[in-house]
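Undergrad: Just the structure for this:
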Amino acid sequence: MYLMNKIARFSRQIARPLVAARNLAVEAPLEGGNEVLIERLEGAQKGITVLGLNRPAAKNSFSRGMVDTFGEILEEIKKDNGSRVVVLRSLTPGIFCAGADLKERKGMSTEETSEFVSNLRNLFISIEQLPMPVIAALDGAALGGGLEMALACDIRTAASNTKMGLVETRLAIIPGAGGTQRLPRILSPSLAKELIFTARVLDGSVAKELGLVNHVVSQNEKNDAAYQQALKLAEEILPNGPVGVRMAKLAIDKGMQVDLSTGYSIEEVCYAQVIPTKDRLEGLAAFAEKRKPVYKGE
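TA: Next up, the predicted model:
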């Protein structure tokens, strides 16, 4: 009962009428520099918010400052109902994210290392718990924490030549930002164990065969093929009712953590939040009138 009440409260928060988007300007980055840039697309792509990793000198690896900055941005995105889909990409050619900044970590004490890993894990949980769909576009290597971050997203696209893997055991450590938990849930426990124990690096094509990524595409001259594929997916999501999409994500995510019977109850709670919405009535009216619905998130 406690779980159902908690989910009901959470679902009501997500189902609140969507309001005007908050101003998240690239020109005014949060403290910590321009290591994560925000771009809000316009026109037919209005509603897509792109988060670009931009720490090229360190291969987009996570420093303490970058983790703090990224976390603040995610707090803003979570409140931004104008963002219907988030796309996470790299602005550095050839690399998505190399994981933690090992040069910085080398100077950390044991306590500082534990705190950093905990903060990185919480950052990826924040990505996972964003109310709107999040798509990771892998146009470059995603290794260690970089792949762990991608696993926290709802959908992954990759270029066929992209290298990815949870390689932490090569450094005598383990994936500590959620990788040991997400990978077996996405693939299978035995396959996840094989990939983590061996620290195997896969290309995009093999990753697609295993089910690690949703889509694989040949890389283009601009080195943004996975990003372009992610935008196509986002454009497919945009016309659909935003409250319905958010409730579907919540029902799936929470339902996967419990037994099937409890999952049905979670679905019922989430469905109850869309019944009184104006969007539901608009969908029915548009169907009857044979026109495209115009959803407002209300």
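Undergrad: Just give me the neighbour total for residue 177.
TA: Applying other CB atoms under 10 Å, we find 28 residues neighbouring residue 177. Where C-beta positions appear, they are placed from N, C-alpha and C, glycine not excepted.
Undergrad: now swap in residue 276 and tell me
TA: For residue 276, the neighbour count with other CB under 10 Å is 9.
Undergrad: Now name the helix or strand holding it.
TA: Using DSSP states H and E, residue 276 maps to neither a helix nor a strand.
Undergrad: Okay, it and residue 298: tell me how far apart.
TA: Relative to residue 298, residue 276 is positioned 10 Å away (CB to CB, to the nearest Å).
Undergrad: Over to residue 224?
TA: 35 Å.
Undergrad: Tell me where the protein has strands.
TA: For the chain, the strands defined by DSSP state E cover 36-40, 48-53, 85-90, 95-97, 134-138, 141-143, 155-159, 163-165, 202-203, 215-217.
Undergrad: neighbours of residue 256, just the number please.
TA: Counted with other CB under 10 Å, residue 256 comes out at 10.
Undergrad: What sits closest to it if chain neighbours are left out?
TA: Leaving out its chain neighbours, the residue that sits closest to residue 256 by CB to CB, 6 or more residues apart in numbering is residue 185, at 7.1 Å.
Undergrad: who's in contact with the closest residue to residue 255 other than its chain neighbours?
TA: Nearest residue to residue 255 in three dimensions, chain neighbours excluded: residue 263, at 3.6 Å (CB to CB, 6+ apart). Contacts for residue 263 (CB atoms under 8 Å, 6 or more residues apart in numbering) come out as 254-256.
Undergrad: Also residue 54?
TA: 34-37, 60, 90-92.
Undergrad: 7 Å - rerun?
TA: Contacts for residue 54 (CB atoms under 7 Å, 6 or more residues apart in numbering) come out as 34-37, 91-92.
Undergrad: can you check residue 191 too?
TA: Neighbouring residues of residue 191 by CB under 7 Å, 6+ apart: residue 210.
Undergrad: Am I right that residue 175 is in contact with residue 199?
TA: No - taking contacts as CB atoms under 7 Å, residue 175 lies outside contact range of residue 199: 9.9 Å.
Undergrad: Neighbour count: these two, which is higher?
TA: Set residue 175 next to residue 199 and count neighbours by other CB under 10 Å: residue 175 wins out with 25 against 16.
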